[in-house]
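Chemist: pasting a predicted model and its sequence here:
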Amino acid sequence: MVIKNKINNSYLLSSVKSTREYSVGLVLSDRYGRQSTVFLPDVATTFVRPQDTASTGAPGVSPGGTWSLDDIWTHTVLRLQFNSVIQDLYHHETNPLGWYTYKVVVKQPEQEYYNVYAPNLIDNIPSSNPKSWLVLYGDNINKVPRDVTDINTETGLAGSNVELLPRMQFLGGSGYTQNPNNDYFDVISIGKGSEHNATVSNFTSATGDQLLPDLYKSITDPLLAELPDGLGFNYSGGASALSQMITLETKPITSALDIYYETSTAGLISDLNESILASTGALPNQINITASTFTEFAQSGTTIGTLSANDSAGNQLSGESYTLVEVFDGGGNNRTSEFVILGALLKTNTTFVHQNRPTDDLQLQFKLLIMQEIHLMKIYL
């Protein structure tokens, strides 16, 4: 069954919104539905930057080309990379309470925001103090509201707590482009065109007391938002690009709630492990040592044992190298400096005395390097 013609192709390329921060984790469940907390990878958070169609081009558009309704914008998806299989799996005989299924969960703290569809921004006027100017009308007046606590009683201008990010811009000859930046800009002030003194004589070198006619609906004395210069079409006294629509985005509210939401990516852990092994091959999953104890009063330089490693298929690895990361005893004391690794030999680096206390129990963490890939594993003495 072919249904691709009934689907908007852009939906197939995008699962996330740009200029957002995403955290991804796994939740594991056993056969009885009991779930784990969220397991997070070492790097659990990523920031999705906007795509730059002006420099890289979109599918069907050459770099530097312009966008049209027949083209598809470039998009971003989240990709999870697994470096090892998931352990402690369900087995009907040996581990009936092991993990059975998984689901991917996502946290995205930036929440409510508004899209502002407006006439093209014009900038670089007036020449004495150039700014960018945005005409607000319709529901944009509520999306970019004035701050009633910050009003200049002499001019009638008001500030605003809203920050704006240009999303889709029209810069003249280059056509429509996506803004590749992720910087939100403060709204400097909001007021009617007359309150901004946006007259022909004040904004241009021409003479005239009427409002600049190139402002959208200038005859109605519209609301103008004053923004930093350089955000729109460089005004040169003509309206060739001023009838074009642009899209801006208000800065979203950031939630302080640490909530992860379920996604549709879920399944059996056994299937996931098969996919991991198929893409990466057998992975190291165990470090072995020939001895897990050493005698009392062991002198510095005593060999405790020889290290080796097996992959997830049970085969012994070769050509690997080991690095001692840290050692802690049963009392929580860092004892890393008391051990050293020479090749695959674990040796003492001080003289030990048996005390018959929890400090005699040691947990060692190693770094295993295989084919430029680093894996962290632990053994206990």
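Modeler: Yes, it's here.

Chemist: quick one: stretch 136-144 to chain centroid distance?
Modeler: Distance of stretch 136-144 from the chain centroid (Cα atoms, centre = their mean, to the nearest Å) equals 30 Å.

Chemist: same question, stretch 302-316
Modeler: Distance, stretch centre to chain centre, for stretch 302-316: 37 Å (Cα atoms, centre = their mean).

Chemist: what is the mean pLDDT for it?
Modeler: The average pLDDT within stretch 302-316 is 74.

Chemist: and it, end to end?
Modeler: 25 Å (Cα to Cα, to the nearest Å).

Chemist: next, the buried residues of the longest helix anywhere in the chain.
Modeler: When the chain is parsed with DSSP state H, its longest helix is helix 269-280. Buried residues in helix 269-280, counted by 16 or more other Cβ atoms under 10 Å: 269-270, 272-273, 276-277. (C-beta placed from N, C-alpha, C; glycine too.)

Chemist: residue ranges in the stretch 201-350 of the chain under the pLDDT threshold?
Modeler: Applying pLDDT under 70 to the stretch 201-350 of the chain flags residues 236-243, 279-286, 294, 296-298, 311-314, 318-319.

Chemist: now do the SS call for Asn288.
Modeler: strand (DSSP: H, G, I helix; E, B strand; the rest coil).

Chemist: how near is it to Gly330?
Modeler: 22 Å (Cβ to Cβ, to the nearest Å).

Chemist: domains of this structure?
Modeler: Split into domains by automatic domain parsing, the chain comes to 4-111+255-278, 115-250, 282-380.

Chemist: which one of those domains is the most hemmed in?
Modeler: domain 115-250 (a mean of 17; mean count of other Cβ atoms under 10 Å).

Chemist: determine how far the last residue of that domain lies from the first.
Modeler: End to end - Cα to Cα - domain 115-250 spans 7 Å.

Chemist: 542 is where my numbering starts, stick with that
Modeler: Will do, 542 is the new start, and the previous item becomes domain 656-791.

Chemist: tell me where the stretch 542-691 of the chain has helices.
Modeler: Per DSSP state H, counting those that start in this stretch, the stretch 542-691 of the chain carries helices over the ranges 550-554, 594-597, 681-684.

Chemist: least confident of the ones you listed, on average?
Modeler: Among the helices of the stretch 542-691 of the chain, helix 594-597 scores lowest, with a mean of 46.

Chemist: give me the three-state assignment for the nearest residue to Glu790 once chain neighbours are set aside.
Modeler: Leaving aside its sequence neighbours, Glu790 sits nearest to Leu706 (Cβ to Cβ, 6 or more residues apart in numbering; 4.7 Å). Here Leu706 is recorded as strand under three-state DSSP.

Chemist: one more: Ser701?
Modeler: Counting by three-state DSSP, the backbone at Ser701 sits in coil.

Chemist: and it, backbone torsions?
Modeler: phi -150, psi 140 (degrees, to the nearest 10).

Chemist: skip the chain neighbours and tell me the closest residue to it.
Modeler: Counting by Cβ to Cβ, 6+ apart, the nearest residue to Ser701 once its immediate chain neighbours are dropped is Val728, at 4.0 Å.

Chemist: that neighbour and Tyr643, how far apart?
Modeler: In terms of Cβ to Cβ, Val728 sits 45 Å off from Tyr643.

Chemist: closest to Gly697 among the buried residues of helix 810-821?
Modeler: Set against Gly697, the nearest of the buried residues of helix 810-821 by Cβ to Cβ is Leu813 (62.0 Å).

Chemist: so what's the closest residue to that closest one other than its chain neighbours bridging to?
Modeler: Using Cβ to Cβ, 6+ apart and skipping the chain neighbours, the partner closest in space to Leu813 is Tyr643 (6.0 Å). Using DSSP bridges, the beta-bridge partners of Tyr643 come out as Leu569, Gly808.

Chemist: mind listing what Tyr643 touches?
Modeler: 567-570, 627, 807-810, 813 (Cβ atoms under 8 Å, 6 or more residues apart in numbering).

Chemist: now do it against Thr806, distance only.
Modeler: Distance from Tyr643 to Thr806, counting by Cβ to Cβ: 9 Å.

Chemist: cool, Leu848 as well?
Modeler: For Leu848 relative to Thr806 (Cβ to Cβ), the value is 37 Å.

Chemist: next, give me the two most distant ones among the buried residues of helix 810-821.
Modeler: The largest separation in those, counting by Cβ to Cβ, is between Ile810 and Leu818 at 12.4 Å.

Chemist: hang on, Ser878 is in a helix, isn't it?
Modeler: Yes - using three-state DSSP, the secondary structure at Ser878 is a helix.

Chemist: pretty sure it contacts Glu867?
Modeler: No - between Ser878 and Glu867 there is no contact under Cβ atoms under 8 Å: 10.3 Å.

Chemist: show the backbone phi and psi for Thr560.
Modeler: Thr560 adopts backbone torsions of phi 60, psi 40, taken as degrees, to the nearest 10.

Chemist: so how far is His737 from the residue nearest to it when sequence neighbours are not counted?
Modeler: Spatial nearest neighbour of Thr560, excluding adjacent residues (Cβ to Cβ, 6+ apart): Asn723 at 4.6 Å. Per Cβ to Cβ, Asn723 is found 28 Å from His737.

Chemist: over to Thr844?
Modeler: Relative to His737, and taking Cβ to Cβ, Thr844 is found at 82 Å.

Chemist: show me the contacts for Asn743.
Modeler: Residues near Asn743 by Cβ under 8 Å, 6+ apart: Pro667.

Chemist: what does the one 5 residues further on give?
Modeler: Contacts for Thr748 were tallied using Cβ under 8 Å, 6+ apart; they are 741-742.
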